[in-house]
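[1] below is the sequence, then the predicted model.
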Amino acid sequence: MTVMKRRLEKATVSEKQHIADKIRDMTPGAEVLIGTLGLEERTR
């Protein structure tokens, strides 16, 4: 998660979507993390 947070700082919109998809695959609590990172409006 630390690496993904670092990558989000410079990520484009499409890269942020890809990272959100990876987070969804990694954990059942993904939607909470995605909301915390501010990715929800960009992924849907």
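    Nice, I can see it. These numbers were taken from a predicted model, which means no experiment stands behind them.
[2] which residues of this protein fall in helices?
    With helices called from DSSP state H, the chain shows them at 2-8, 13-26, 30-37, 40-43.
[3] lowest-confidence stretch among the ones you listed?
    Within those, the least confident segment by mean pLDDT turns out to be helix 40-43, at a mean of 56.
[4] and Gly38, its phi and psi?
    Listed backbone geometry of Gly38 is phi 80, psi 30, with angles given as degrees, to the nearest 10.
[5] now swap in Thr27 and tell me
    Torsion angles at Thr27 (phi, psi; degrees, to the nearest 10) stand at phi -150, psi 150.
[6] neighbouring contacts of stretch 11-25?
    Contact partners of stretch 11-25, identified using C-beta atoms under 8 Å, 6 or more residues apart in numbering, comprise 1, 4, 7-8, 30-31, 33-34, 37, 39, 42-43. Just so you know, the C-beta spots here come from the backbone N, C-alpha and C atoms, and that holds for glycine as well.
[7] now restrict these to buried residues only.
    Members of the contacts of stretch 11-25 that pass the buried threshold by neighbour count (16 or more other C-beta atoms under 10 Å) are listed as 4, 30, 33-34, 37, 39, 43.
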